[in-house]
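A.B. asks: Sequence unavailable; structure follows:
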């Protein structure tokens, strides 16, 4: 066989071999997203016997890790709409977008430092009384040592965000928040919340991590009103946002098809100049009929003692 | 060829060359979208402003975004202690200056946010009853905003915001970015000079005739961020040095800094 013939056969084989790779590559490109927009609702909103939306379900159906940086950026109020557009949801100001200058992955140090910045760039910040400004700044700077949710303590409310499971019963709700291992080592939390219940007077409550909660319907939105907290939690994932035992939290849950939108408003007149409301967060229903929450690993903080810098994400 | 015709030819050649050179210079100094789209991202990257992270990203591949919002720095010079809290969303700055002199130390807190400028008797004065006094200072608005936008990060942000009004040119071998400011600073032109690493080394503003030089870039934060900040700032107005400070710390990790406008200040407008 001539050299030209061998080359032709090799080229044909190479082309045939490349076809699946090209198809796979196209599939991969199509399934990638270049924005951090919340999931769009689809399907109908099921109703409970009393006519209100049924919130029952496992709410961890998001394709990406709910705790991943793209979603954390969104939680911080920064919407990246495309590879050329982003803006701050709170102020409306545009944020400059740049193409990545490399396709190489970042190393751990680069990723952590970038994540730390990305999670704090949004403008939606609670306004503390001036005498606490330095304290909040210091707590955030020293979060590796100061963050009360490290060392396997519960994250508390509203820091825990959207429960991974909601059970809607005729007279009450059950919320479950699985614990996490790793550096962000928190304990599993649950809440049992009566509908149309009444609060115990605040002075009669011992502060707890989830507080005392009562729920009511405002149209199709579930409103959960909580107080009676321990002061030993922060009220958001970042920022050193401590609170007093007089914190009052109002959460709103709104189901639209297979999505659940959550916001929380924090009132704490002891330390805040004005109430603060989180950026809305959206969870996606796990569509599997057999979806369950597996048992969380026992919380055992092993990394904290080895941290020697103030970097954290 | 006669001597006179040779001279004429040489003169004509020189004139043509001069016109050609001027044309080429003008071309580089004029609006250059290609240079702008390369230089501004390069300047942002040099400062560490452009960031992304893929921790837990799944199938999401986001572009880089400008991660600079709040920062805080402290510096000192001869007879001066300087402490600045900076924010770009909203545009705000609080500068505490302590000057030491024969008459004893003089301390001032000068704050600006959006269209408001005011002086504080203590940090956050006027926000809580009985906690200090906030005095409106509208005449200082432009000067204070200019301090904010003259910082290297402000220059990049403002140049990007100016869009196709931003020009990129070369002067004495250095890249120069020129653009007009807008909003309360409309009428002001900013000119920034970049070094070979695309770091901003000099910012000139007109018509106020101010020149600010930045030296010794590094990550000066206690929480390391890979954001480069200047280690030495020298500012001159009309040729006279008005600020010369060495930086002690520059916290760029979007620290908790807020700039609520006291009601007494909003009411004073």
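C.D. replies: Now that the structure is in, tell me what you want to look at. Keep in mind that this is a model prediction, so the values were computed, not measured.
A.B. asks: Residue 75: how many residues sit nearby?
C.D. replies: Assuming you mean chain A. 24 (other C-beta atoms under 10 Å in any protein chain shown). C-beta here means a position set from N, CA and C on the backbone, and glycine is covered the same way.
A.B. asks: Correction: the question concerned chain B.
C.D. replies: Residue B:75 has 22 nearby residues by other C-beta under 10 Å.
A.B. asks: phi, psi of it?
C.D. replies: phi -150, psi 170 (degrees, to the nearest 10).
A.B. asks: Next: residue A:200.
C.D. replies: The phi/psi pair for residue A:200 (degrees, to the nearest 10) is phi -70, psi 140.
A.B. asks: same deal with residue B:44?
C.D. replies: Per degrees, to the nearest 10, the backbone of residue B:44 is at phi -70, psi -40.
A.B. asks: hang on, it packs against residue A:98?
C.D. replies: Yes. At 6.5 Å, residue B:44 and residue A:98 qualify as touching, with contact defined as C-beta atoms under 8 Å.
A.B. asks: Give the residues shared as contacts by those two.
C.D. replies: Residues touching both residue B:44 and residue A:98 (C-beta atoms under 8 Å, 6 or more residues apart in numbering or on different chains): B:50, B:66.
A.B. asks: gap between residue A:159 and residue A:101?
C.D. replies: 35 Å (C-beta to C-beta, to the nearest Å).
A.B. asks: Those two: which has the busier surroundings?
C.D. replies: residue A:159 (22 against 11).
A.B. asks: Can you name the residue of the stretch 151-269 of chain B nearest to chain A?
C.D. replies: residue B:254 (3.5 Å; C-beta to the nearest C-beta).
A.B. asks: After the lowest-mean-pLDDT helix or strand in chain A, which helix or strand is next? Please name it.
C.D. replies: The weakest-scoring helix or strand in chain A, judged by mean pLDDT, DSSP states H and E, is helix A:3-31 (a mean of 44). Counting by DSSP states H and E, the element after helix A:3-31 in chain order, helix or strand, is strand A:57-58.
A.B. asks: can you list the residues that contact that next one?
C.D. replies: Contacts for strand A:57-58 (C-beta under 8 Å, 6+ apart): A:164, A:165, A:166, A:285, A:286, A:291, A:292, A:293.
A.B. asks: Cross-check these against chain B and keep the overlap.
C.D. replies: Near chain B, judged by C-beta under 8 Å from any C-beta of the partner chain, there are no entries from the contacts of strand A:57-58.
A.B. asks: Backbone torsions only: list them for residue 144.
C.D. replies: By default, I'm working from chain A. phi -60, psi -40.
A.B. asks: could you do chain B instead?
C.D. replies: phi -70, psi -40.
A.B. asks: pLDDT averaged over stretch A:259-271, what's the number?
C.D. replies: Stretch A:259-271 shows a mean pLDDT of 97.
A.B. asks: my bad, should have said stretch B:173-189
C.D. replies: 97.
A.B. asks: Tell me how far it lies from the chain's centre.
C.D. replies: 10 Å (C-alpha atoms, centre = their mean, to the nearest Å).
A.B. asks: Could you pull out the buried residues of it?
C.D. replies: B:175, B:176, B:177, B:178, B:179, B:181, B:184, B:185, B:188 (16 or more other C-beta atoms under 10 Å in any protein chain shown).
A.B. asks: any idea which of those is closest to residue A:32?
C.D. replies: Within the buried residues of stretch B:173-189, proximity to residue A:32 (C-beta to C-beta) peaks at residue B:177, which comes in at 33.9 Å.
A.B. asks: Contacts only, for that closest one.
C.D. replies: Residue B:177 neighbours (C-beta under 8 Å, 6+ apart): B:39, B:40, B:43, B:155, B:159, B:166, B:167, B:168, B:191, B:192, B:194.
A.B. asks: gap between residue A:285 and residue A:218?
C.D. replies: Distance from residue A:285 to residue A:218, by C-beta to C-beta: 22 Å.
A.B. asks: more neighbours, these two?
C.D. replies: Set residue A:285 next to residue A:218 and count neighbours by other C-beta under 10 Å: residue A:285 wins out with 25 against 9.
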